[in-house]
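[1] pasting the structure only:
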């Protein structure tokens with residue numbers, strides 16, 4: 001049953017991302033038309049594509065990870081350092097330990113494997129934080145430590161030149177202490 005659920009979740013995530021890319025392409029064509037740039041064939045198509053501006057944004061994450069007795073708590077605040085606002089992005093969380101079956105996840109989050117969860121961030125204003133994402137996850141076993149990798153799976157179609165602030169690796173020891181990133 002879990003294999004089917006994972007396949008369905010992956011399919012849903014892929015459909016959402018594909019739809020976002022299609023909508024972004026349609027918005028770019030609409031923007032080009034409003035700017036007076038007509039689609040053209042051949043070399044003219046390259047000039048028209050150059051006239052379409054890709055938004056620039058700097059997605060970043062801060063948060064905490066805590067491991068205690070086989071229970072992993074992850075709290076993440078996505079932020080956008082700008083300059084353009086983003087309608088939505090996708091946060092990816094990967095774990096060195098397998099998650100237990102039957103997890104209840106936060107709204108907008110989906111489990112996409114034994115050790116992976118993806119969450120939509122919702123709208124990210126230019127120069128501001130997004131919604132807080134909190135997960136309380138049970139692990140299949142009770143490890144003495146867990147490595148949590150945090151990164152961006154999809155950035156809303158924006159150009160993000162700084163990945164130093166949206167890719168984090170956190171080692172959480174089974175002490176009940178919070179580890180910040």
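    Nice, I can see it. Fair warning: this is a prediction, and the values are worked out from it, not measured in the lab.

[2] next, count neighbours for residue 172.
    25 (other CB atoms under 10 Å). (Each C-beta comes from the backbone N, C-alpha and C, glycine too.)

[3] now the helix or strand harbouring it: buried residues?
    Taking DSSP states H and E as the criterion, the element that holds residue 172 is strand 168-173. Of the residues in strand 168-173, those with enough neighbours to count as buried (16 or more other CB atoms under 10 Å) are 168, 170, 172.

[4] does the second one touch residue 179 like I think?
    Yes - here residue 170 reaches residue 179: they are 5.3 Å apart, a contact under CB atoms under 8 Å.

[5] three-state assignment of the nearest residue to residue 96 once chain neighbours are set aside?
    Take residue 96 and drop its neighbours on the chain: the residue closest to it by CB to CB, 6 or more residues apart in numbering is residue 147, 3.9 Å away. Classification of residue 147 by DSSP: H, G, I helix; E, B strand; the rest coil places it in strand.

[6] mind listing what residue 147 touches?
    Residue 147 makes contact with 95, 96, 169, 170, 171, 172 under the criterion CB atoms under 8 Å, 6 or more residues apart in numbering.

[7] quick check: the fifth one touching residue 149?
    If I follow you right, that is residue 171. No - contact status for residue 171 versus residue 149: not in contact, 10.6 Å apart, counting by CB under 8 Å.

[8] looking at the buried residues of strand 168-173, which is nearest residue 78?
    Taking CB to CB as the measure, residue 168 is the one of the buried residues of strand 168-173 closest to residue 78, at 11.9 Å.

[9] ok, now which ones touch that closest one?
    Residues in contact with residue 168, defined by CB under 8 Å, 6+ apart, are 61, 149, 150, 151, 181.
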